[in-house]
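K.L.:
Have a look at this prediction, sequence included:
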Amino acid sequence: MERSIKILLSFVIVATLGILPSFSVGEPLSLSTLITSQNVTFDNCTKVFNTDNSSLFYLTIAAINANRFDIDEIQSNSGYILFTAVNKQFLATISNVNTSQGLLKITPVDGSYYFQPGICSNIFKYIDLNISKKPEVIF
């Protein structure tokens with residue numbers, strides 16, 4: 001009887017010590033949700049910026065380049081950019097909301113919204129940080 005109580009008590013202690021690290025409060029997660037593939041909603045792939053569509057177009061090209069994604073095709077007349085990130089192609093479409101606002105929509109080409117949400121959010125963050133810097137013509 002005494003032996004079974006010792007075994008049960010040691011099992012409870014080992015199980016408790018094994019569970020405690022998973023319930024620690026205030027520690028950041030070890031695996032970032034931005035780099036883990038998951039289903040991304042369409043709302044997380046679109047954003048309205050307070051700049052005209054031509055500035056937004058150049059800022060989007062700069063953001064894609066800054067994130068080291070491969071630009072496959074650029075159509076400045078229709079306002080779209082085809083790029084590859086993490087072996088998946090995306091289409092960035094820029095359109096007018098009104099004269100002072102532009103809409104950026106980043107969608108996967110294959111229609112599957114199972115990808116890393118950091119792809120869209122990093123591009124949006126780059127544009128937010130650099131929106132005050134307007135592109136200049138340099139001769």
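P.N.:
Looks like it came in fine. None of these values were measured; they are calculated from a predicted model.
K.L.:
Quick check: the residue nearest the centre of the chain vs S78, distance?
P.N.:
Closest to where the C-alpha atoms of the chain average out (C-alpha atoms, centre = their mean) is G118, at 1.9 Å. Per C-beta to C-beta, to the nearest Å, G118 is found 27 Å from S78. All C-beta atoms are positioned from the backbone trio N, CA, C, and that covers glycine.
K.L.:
cool, N130 as well?
P.N.:
23 Å.
K.L.:
More neighbours: the two, which one.
P.N.:
N130 (14 against 8; other C-beta atoms under 10 Å).
K.L.:
how about the top strand by length along the chain: buried residues?
P.N.:
If you go by DSSP state E, the chain has its longest strand at strand 88-98. Neighbour-count burial for strand 88-98 flags K88, F90, A92, T93, I94 (criterion: 16 or more other C-beta atoms under 10 Å).
K.L.:
What of stretch 46-65?
P.N.:
For stretch 46-65, by 16+ other C-beta under 10 Å, it's 47, 49, 51-53, 55-64.
K.L.:
likewise stretch 131-139?
P.N.:
For stretch 131-139, the buried set under the neighbour-count rule, 16+ other C-beta under 10 Å, is empty.
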